[in-house]
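# Sequence first, then the predicted structure:
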Amino acid sequence: MSRNAESTAFRSALEVIRAVEPRVADAIGAELTDQRESLKLIASENYASPATLLAMGNWFSDKYAEGTVGRRFYAGCQNVDTVEALAAEHARELFGAAHAYVQPHSGIDANLVAFWAVLADRVESPALKKAQVRQVNDLTEADWFALRRELGNQRMLGMSLDAGGHLTHGFRPNISGKMFDQRSYGTDPATGLIDYDRVAEAAREFKPLILVGGYSAYPRKVNFRILREIADSVGATFMVDMAHFAGLVAGKVFTGDFDPVPHAHIVTTTTHKSLRGPRGGMVLCQPELADQVDRGCPMVLGGPLPHVMAAKAVALAEARRPDFADYAQRIVDNAQALADGLLRRGATLVTGGTDNHLVLIDVSGYGLTGRQAEQALLDSGIVTNRNSVPQDPNGAWYTSGIRIGTPALTTRGLGTAEMDQTAELIHTVLTQTTAGANADGTPSKAKYTLDADLADKISRQAADLLAPHPLYPAVDLT
Ligand SMILES: *Cc1c(COP(=O)(O)O)cnc(C)c1O
């Protein structure tokens, strides 16, 4: 394929859009410019391939396809069947999974599908069994009452939010925290690492229906074999949410005890983070949960997005190629180079380093809150996000941490030398930023001062780092 084909495709698409609503075409073009110019260290973002992006912009979007491959509630789904079956096959092969369900629209949706599947499989309710075998009309009001109470009274044990867990792992602001009675396991205050003995103890005391592994902001490997043993010891279903690190599993950086797929009963993920696919979600599971998982739509999901499933098939095919394993290894090499560069300059990192794609800086060492640090870095052309650190004194809004990740910059081709220079830029901004004060003289958690000339200088240096590594090099919209 000629590189020119990518330029022509995107240019033609914008021309067609521009004829209807030029402001949308302009915004799409501006988004490319912005992404090209920013040093993107958001651990959950990436850049999907042109093939993945283009697979989404077509008439698959026009199809309703409720149901599963070969068993649709709508006619004319033969081509949707093709792409959904392909995406599922690539997912099974890539991850060595018995079953893959590729309809979830996002990671949160994938978790809802998983929660429902486990509840439906595990809750010993005669009313639920009736409902499952299409005797719904025979259910009495009392059955419904019992069913709702039984479903809503189950227990979930997951990683605590401030140790890096995710909102959907049973926390109150999310529906999972309203569906489940939740308890969480944290990390050892001294090392920042998961203490598996404490997890086992919590499991023994709490007896969860579901033990959840997985995180959004934990910079280390997780031993899924041990977590599975803990789940088995209390009869819990072991679920892993690998939304952040699916690319590292796909690229065989996480193997053996650290690969969740052979150990978990059910695994959920996003497809757009380190996996580098379209914005979406996916569920992998053992055979006994497959039927329940396949009920995801319409049980908790809206109609499938066939254009996104087509893009998932493309991205998963890409992830099965040998160069994806190189990519995954470079993500981790880059994160470690970034961590080493920061440590050498005196930064404090949660757990003292990383063995995955992300680094969590405790910015209280610089006298800043996460919010001040995030904004000062943004002023300097460096895009990160603030994040709680374990036992964070500043809460979830201001926080004391900055989470940085390497999947996106690694896609652009930056390597370990550039990561060291990135560490220098970050460290310079954070040392030169000073916390501000409120009108009454008390310390502000939001205000800060950073010399504008310095911010400009760092922005130019960030741009210089990116210049040799153009984003979507084959795409020229001018
Ligand atoms: C990002 C993330 C999600 C949510 O994914 P969305 O696609 O935004 O819904 C769920 N779980 C974990 C662990 C995540 O990191």
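Thanks, I have the structure now.

# Next up, the contacts around whatever residue of the stretch 1-150 of the chain ends up closest to the ligand.
As assessed by C-beta to the nearest ligand atom, the ligand sits closest to residue 107 within the stretch 1-150 of the chain, at 2.4 Å. Placement of C-beta: from N, CA and C, glycine included. Under the criterion of C-beta atoms under 8 Å, 6 or more residues apart in numbering, the neighbours of residue 107 are 168, 241, 243, 268-270, 281.

# can you redo these as a markdown table with pLDDT?
Formatted as a markdown table, the contacts of residue 107 follow (pLDDT from 0 to 100):
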| residue | pLDDT |
| --- | --- |
| 168 | 95 |
| 241 | 98 |
| 243 | 98 |
| 268 | 98 |
| 269 | 98 |
| 270 | 98 |
| 281 | 98 |
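
# Closest one of the residues you listed to residue 100?
Compare each of those with residue 100 using C-beta to C-beta and the shortest gap goes to residue 269, at 10.2 Å.

# which ones are touching that closest one?
The neighbours of residue 269, taking C-beta under 8 Å, 6+ apart as the test, are 107, 110, 241-243, 246, 275, 281-284.

# Secondary structure added to those residues, as a markdown table?
Output for the contacts of residue 269, formatted as a markdown table (DSSP: H, G, I helix; E, B strand; the rest coil):
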| residue | secondary structure |
| --- | --- |
| 107 | helix |
| 110 | helix |
| 241 | strand |
| 242 | coil |
| 243 | coil |
| 246 | helix |
| 275 | coil |
| 281 | strand |
| 282 | strand |
| 283 | strand |
| 284 | strand |
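
# which of the residues you listed lies closest to residue 43?
Ranking the contacts of residue 269 by separation from residue 43, with C-beta to C-beta as the measure, puts residue 243 on top at 10.8 Å.

# ok, the closest one touching residue 217?
No - shown here, residue 243 and residue 217 do not form a contact pair, counting by C-beta atoms under 8 Å, at 11.5 Å.

# Any chance of a ChimeraX selection covering the buried ones in the contacts of residue 269?
The following ChimeraX selection, which keeps only the buried ones among the contacts of residue 269, applies the criterion 16 or more other C-beta atoms under 10 Å:
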select :107,110,241,242,243,246,275,281,282,283,284
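
# can you put the contacts of residue 269 in JSON lines and add distance to residue 149?
Conversion of those to JSON lines gives the following (distance: C-beta to C-beta, whole Å):
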{"residue": "107", "distance to residue 149": "29"}
{"residue": "110", "distance to residue 149": "26"}
{"residue": "241", "distance to residue 149": "26"}
{"residue": "242", "distance to residue 149": "32"}
{"residue": "243", "distance to residue 149": "31"}
{"residue": "246", "distance to residue 149": "35"}
{"residue": "275", "distance to residue 149": "38"}
{"residue": "281", "distance to residue 149": "29"}
{"residue": "282", "distance to residue 149": "31"}
{"residue": "283", "distance to residue 149": "26"}
{"residue": "284", "distance to residue 149": "31"}
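
# Just the closest of the contacts of residue 269 to the ligand, please.
Among the contacts of residue 269, residue 107 lies closest to the ligand (C-beta to the nearest ligand atom), at 2.4 Å.

# Look up how far residue 169 lies from the closest one.
Residue 107 is 11 Å from residue 169, where distance means C-beta to C-beta, to the nearest Å.

# shared neighbours of these two, anything?
Counting by C-beta under 8 Å, 6+ apart, the shared contacts of residue 107 and residue 169 are residue 241.

# need the contact list for the closest residue to the ligand within the stretch 351-478 of the chain.
For the stretch 351-478 of the chain, the residue positioned closest to the ligand under C-beta to the nearest ligand atom is residue 358, at a distance of 10.3 Å. Taking C-beta under 8 Å, 6+ apart as the contact definition, residue 358 lies against 43, 217, 219, 244, 335, 403-406.

# Just those residues: which are in helices?
residue 335 (DSSP state H).

# Which two of the contacts of residue 358 have the greatest separation?
Considering C-beta to C-beta, no two members of the contacts of residue 358 lie farther apart than 217 and 406, which are separated by 14.3 Å.

# Can you pick out the residue with more neighbours from these two?
Set side by side, residue 217 and residue 406 show more neighbours around residue 406, with 29 against 25, by other C-beta atoms under 10 Å.

# List the contacts of the more buried one.
With C-beta under 8 Å, 6+ apart as the criterion, the residues that contact residue 406 are 41, 43, 331-332, 334-335, 338, 357-358, 419.

# can you tell me which of the residues you listed are in helices?
Among these, the residues falling in helices (DSSP H) are 331-332, 334-335, 338, 419.

# Can you name the residues of the stretch 51-200 of the chain sitting close to the ligand?
Selection of the stretch 51-200 of the chain residues close to the ligand by C-beta under 6 Å from any ligand atom yields 106-108, 166, 168.

# Run a quick neighbour tally on residue 162.
A count of neighbours around residue 162, defined by other C-beta under 10 Å, yields 21.

# Relative to the ligand, how far out is it?
Distance check for residue 162 against the ligand: by C-beta to the nearest ligand atom, to the nearest Å, it reads 14 Å.

# Renumber starting at 593 from here on
With 593 as the first residue, the last one maps to residue 754.

# Quick check: chain neighbours aside, which residue is closest to that residue?
Among residues not flanking residue 754 along the chain, residue 980 sits closest, at 4.4 Å (C-beta to C-beta, 6 or more residues apart in numbering).

# Next, the nearest residue to residue 772 once chain neighbours are set aside: phi, psi?
For residue 772, ignoring the flanking residues on the chain, the nearest one in space by C-beta to C-beta, 6+ apart is residue 748 at 4.0 Å. For residue 748, the backbone dihedrals (degrees, to the nearest 10) come out as phi -130, psi 140.

# re earlier: could I get the contacts of residue 950 in JSON lines, plus columns for pLDDT and distance to residue 780?
Conversion of the contacts of residue 950 to JSON lines gives the following (pLDDT from 0 to 100; distance: C-beta to C-beta, whole Å):
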{"residue": "635", "pLDDT": "97", "distance to residue 780": "22"}
{"residue": "809", "pLDDT": "96", "distance to residue 780": "16"}
{"residue": "811", "pLDDT": "98", "distance to residue 780": "14"}
{"residue": "836", "pLDDT": "98", "distance to residue 780": "21"}
{"residue": "927", "pLDDT": "98", "distance to residue 780": "21"}
{"residue": "995", "pLDDT": "98", "distance to residue 780": "20"}
{"residue": "996", "pLDDT": "98", "distance to residue 780": "23"}
{"residue": "997", "pLDDT": "98", "distance to residue 780": "23"}
{"residue": "998", "pLDDT": "98", "distance to residue 780": "25"}
